[in-house]
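A.B. asks: Please find the sequence and the predicted model below.
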Amino acid sequence: MGDAQRPGGVGSTDIGTGRAEAQASFVDFKDVWLAYSDELEANHEFAIENINLQTRDGEFIAIVGPSGCGKSTFMKLATGLKQPTRGHIRIDGSKVNGPLKIVGMAFQAPTLLPWRTTIDNVLLPLEIVEPYRSQFRSRRAEFAERAKTLLATVGLGGYEDKFPWELSGGMQQRASICRALIHEPKMLLLDEPFGALDAFTREELWNVLRDLWTLQHFNVILVTHDLREATYLADTIYVMSRRPGRIVARREVDLPRPRDLEITYSKPFADLVLELREQIGAIRKH
Amino acid sequence: MAMNSKALRLAPVLLLIAVLLIWEIVCRALEVSEFIFPAPSAIIASLIEFAGVIATHAWRTFWTTMVGFAIAIAVGVLLGFLIGSSRMAYAAVYPLMTAFNALPKAAFVPILVVWFGIGAGPAILTAFLISFFPIMVNIATGLATLEPELEDVLRVLGAKRTDVLFKVGLPRSLPYFFASLKVAITLAFVGTTVSEMTASNEGIGYLLISAGSALRMPLAFAGLVVIAAMAMAMYELFAYIEKHTTGWAHRGA
């Protein structure tokens, strides 16, 4: 099943349906290694090693793994907040040199700015990212409409003028996702976005995310420790090993779409989750 | 006891009245001499008798303090921004500033007189020198302690450092700023008064010295009361502005 951690060995094993790789990948990680500093690199202490990962346009991928395996490091590389020590990263064909404006990101904590209303929080990326930034004043009404529609889609219609502390955790997280999508990014990065929510709110937000993605078909990279979440939402799941993080397995999720919460209680779903769980369990034992 | 807002607002007034009553009673009961410790009734009598004179001096103290304070805000915010946004500046400037701030500004007054002559100049500058430090420190702290999570939200979008400082850092530091204003205004009045006591022919500081030398203690105390009233009025003003601009930070209250 999972690849043993041979030094310098191949980083991933395909145990899925063996599909041919798409010609042009949207996200392209090639032989990527990251050490947090030069001394660590000299000591061969890498945070993540030999990551090879290609996604198709509009694909929804999930990355699962034990704590501390380097999932957040992976995120930093994908967003351009960190440069790889070795290897290349390309997103939408161009090399990643710094933070990209075609990317939206949501974190585990909603981190909405408390002095701004919900709608002003959602509009924040448009004040930063070109070309919206220079047109912000002239097109403000149009942008506000867009934000309102987005908020309504996730169920926050009517809450535009509330402050973040007046919203519950789940509502703040929904607003955070709207903020990540307002500038129409081609890729959405989610770093354990639903980890702090209760089970019911979480399932609700899975569907919110599923519906948004179905509508707009941006790429999604979802980092999560919840295997059911990964299996419910993703097209492909990558399993990372413990530190130094390597991709030890790649599993295509062949459950048919559109997916309802009911399939999470079906046998194929449960089998898949069990399979992933055993892999991670095996990793944790070492 | 119900903590309604009316009770909270009346509390300082009631306390003040209680203190004044006790003060008056103690003075009369122990027959304290007016030269040593005037009773509130004597002070109020002086206030009324010398109202015009006091008003002139109070106005002088007030406007010189306001000018010095305004300069302090400008310089404090600027330096605070500089120090808080650059680790190099923080490391280089902070220790020297602390050393400077430890010097008693009263000692500066003679120097300022030599440079600027007697009168409003030294008063304004002393007020400024003594009150800009808390403002600078608070702004610098607010910026330097910006949570990385808040910063990341913008950095991920490719925001420049100035974007982060202006859109997140400064608004986040506003509560600290207002806190520093409340401290700084009291220091500013101290600065002005101290300067006027040795290097001016107008202002409450001058009034204190001249009333003291004429042994008119109730008048001197009246001068002190006027300063206290001015400082308190400014404090209430800042508290009001603070409540209306940083309501988001006080939601726990």
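C.D. replies: Perfect, thanks for sending it.
A.B. asks: how much space between the closest residue to chain A within the stretch 51-200 of chain B and residue B:148?
C.D. replies: Nearest residue of the stretch 51-200 of chain B to chain A (CB to the nearest CB) works out as residue B:158 at 4.0 Å. To be clear about C-beta, it is placed using only N, CA and C from the backbone, and glycine gets the same treatment. Residue B:158 sits 17 Å away from residue B:148, going by CB to CB, to the nearest Å.
A.B. asks: How about residue A:31, nearest residue that isn't a chain neighbour?
C.D. replies: Computed as CB to CB, 6 or more residues apart in numbering or on different chains, the closest residue to residue A:31 that is not its neighbour in sequence is residue A:87, at 4.0 Å.
A.B. asks: Run through the residues that contact the residue of chain A found nearest chain B.
C.D. replies: At 4.0 Å from chain B, residue A:99 is the closest residue in chain A, using CB to the nearest CB. By CB atoms under 8 Å, 6 or more residues apart in numbering or on different chains, the contact set of residue A:99 is A:79, A:80, A:81, B:155, B:156, B:157, B:158, B:159.
A.B. asks: how about it, secondary structure?
C.D. replies: Here residue A:99 takes the coil state, with states given by DSSP: H, G, I helix; E, B strand; the rest coil.
A.B. asks: count of neighbours near residue 58?
C.D. replies: You didn't pick a chain, so chain A it is. For residue A:58, the neighbour count with other CB atoms under 10 Å in any protein chain shown is 15.
A.B. asks: To clarify, I was referring to chain B.
C.D. replies: Burial of residue B:58, expressed as a neighbour count using other CB under 10 Å, amounts to 19.
A.B. asks: again, but for the one 3 residues further on
C.D. replies: When neighbours are defined as other CB under 10 Å, residue B:61 has 28 of them.
A.B. asks: doesn't residue B:228 make contact with it?
C.D. replies: No. Using CB atoms under 8 Å, residue B:61 is not in contact with residue B:228; the gap is 11.9 Å.
A.B. asks: related to what we said a few turns ago, could you find the closest non-adjacent residue to the residue of the stretch 51-200 of chain B closest to chain A?
C.D. replies: Using CB to CB, 6+ apart, the nearest residue to residue B:158 is residue A:99, at 4.0 Å.
A.B. asks: With residue A:29 instead?
C.D. replies: That would be residue A:53: by CB to CB, 6+ apart, it lies 4.2 Å from residue A:29.
A.B. asks: Am I right that the one you found sits in a strand?
C.D. replies: Yes. Looking at residue A:53 with three-state DSSP, it is inside a strand.
A.B. asks: Next up, the contacts around it.
C.D. replies: Counting by CB under 8 Å, 6+ apart, residue A:53 touches A:12, A:27, A:28, A:29, A:61, A:238, A:247.
A.B. asks: any idea of the pLDDT on the last one?
C.D. replies: Residue A:247 carries a pLDDT score of 87 in this model.
A.B. asks: Number of residues surrounding it?
C.D. replies: 25.
A.B. asks: who's it bridged to?
C.D. replies: residue A:240 (DSSP bridges).
A.B. asks: before we move on, what about the fourth one?
C.D. replies: The bridge-partner assignment for residue A:29, based on DSSP bridges, gives residue A:53, residue A:89.
A.B. asks: what's the neighbour count on it?
C.D. replies: 25.
A.B. asks: And residue B:123, how close does it get to residue B:184?
C.D. replies: In this structure, residue B:123 and residue B:184 are 16 Å apart, going by CB to CB.
A.B. asks: So between those two, which is more surrounded?
C.D. replies: Between residue B:123 and residue B:184, residue B:123 has the larger neighbour count (other CB under 10 Å), namely 32 against 24.
A.B. asks: gap between residue A:141 and residue A:147?
C.D. replies: Counting by CB to CB - residue A:141 and residue A:147 are separated by 11 Å.
A.B. asks: Looking at the two, which has the bigger crowd around it?
C.D. replies: Shown here are residue A:141 and residue A:147; by other CB under 10 Å, residue A:147 has more neighbours (23 against 8).
A.B. asks: Show the contacting residues for the nearest residue to that one once chain neighbours are set aside.
C.D. replies: Excluding its sequence neighbours, the residue lying closest to residue A:147 (CB to CB, 6+ apart) is residue A:122, at 4.5 Å. Residues counted as contacts of residue A:122 (CB under 8 Å, 6+ apart) are A:147, A:150, A:151, A:175, A:178, A:179, A:182.
A.B. asks: Was I right to think the last one contacts residue A:146?
C.D. replies: Yes. The pair residue A:182 and residue A:146 passes the contact test of CB under 8 Å, sitting 6.8 Å apart.
A.B. asks: So between these two, which is more surrounded?
C.D. replies: Taking other CB under 10 Å, residue A:182 and residue A:146 do not tie; residue A:182 has more neighbours (22 against 19).
A.B. asks: Name the residue in residue B:158 and residue B:148 with the higher neighbour count.
C.D. replies: When neighbours are counted by other CB under 10 Å, residue B:158 and residue B:148 differ, and residue B:158 comes out ahead with 19 against 8.
A.B. asks: mind checking the SS state of that one?
C.D. replies: Classified using three-state DSSP, residue B:158 is coil.
A.B. asks: same deal with residue A:111?
C.D. replies: From three-state DSSP, the assignment for residue A:111 is coil.
A.B. asks: count of neighbours near it?
C.D. replies: Using other CB under 10 Å: residue A:111 sits among 20 other residues.
A.B. asks: List the contacts of it.
C.D. replies: A:176, B:149, B:150, B:152, B:153.
A.B. asks: again, only this time at 10 Å
C.D. replies: Counting by CB atoms under 10 Å, 6 or more residues apart in numbering or on different chains, residue A:111 touches A:121, A:164, A:172, A:176, A:179, B:147, B:149, B:150, B:151, B:152, B:153, B:168.
A.B. asks: cool, and residue B:46?
C.D. replies: Residue B:46 touches B:34, B:38, B:54, B:211, B:216-223, B:225, counting by CB under 10 Å, 6+ apart.
A.B. asks: What is the most widely separated pair among the residues you listed?
C.D. replies: The two members of the contacts of residue B:46 with the most space between them (CB to CB) are B:34 and B:54, at 17.8 Å.
A.B. asks: which SSE is the residue nearest to residue A:147 in?
C.D. replies: helix A:118-128 (DSSP states H and E).
A.B. asks: State the mean pLDDT of that helix.
C.D. replies: Mean predicted confidence for helix A:118-128 is 93.
A.B. asks: ok and the next helix-or-strand element following that helix relative to helix A:118-128, angle-wise?
C.D. replies: Moving toward the C-terminus from helix A:118-128, the next helix or strand (DSSP H and E) is helix A:140-153. Between the axes of helix A:140-153 and helix A:118-128, defined by axes from the mean of the first three to the mean of the last three CA atoms, to 10 degrees, the angle is 130 degrees.
A.B. asks: So is stretch B:233-245 next to chain A?
C.D. replies: Yes. Applying CB under 10 Å from any CB of the partner chain, one finds stretch B:233-245 touching chain A at residue B:245.
A.B. asks: ok, which residues in the stretch 1-150 of chain B are in contact with chain A?
C.D. replies: B:147, B:149, B:150.
A.B. asks: is it true that residue A:139 touches residue A:127?
C.D. replies: No. Contact criterion CB atoms under 10 Å: residue A:139 and residue A:127 do not qualify, at 11.9 Å.
A.B. asks: intersection of neighbour lists for those two?
C.D. replies: In contact with both residue A:139 and residue A:127: no residue, using CB under 10 Å, 6+ apart.
A.B. asks: For residue B:119, grab the count of nearby residues.
C.D. replies: Residues near residue B:119, counting by other CB under 10 Å: 18.
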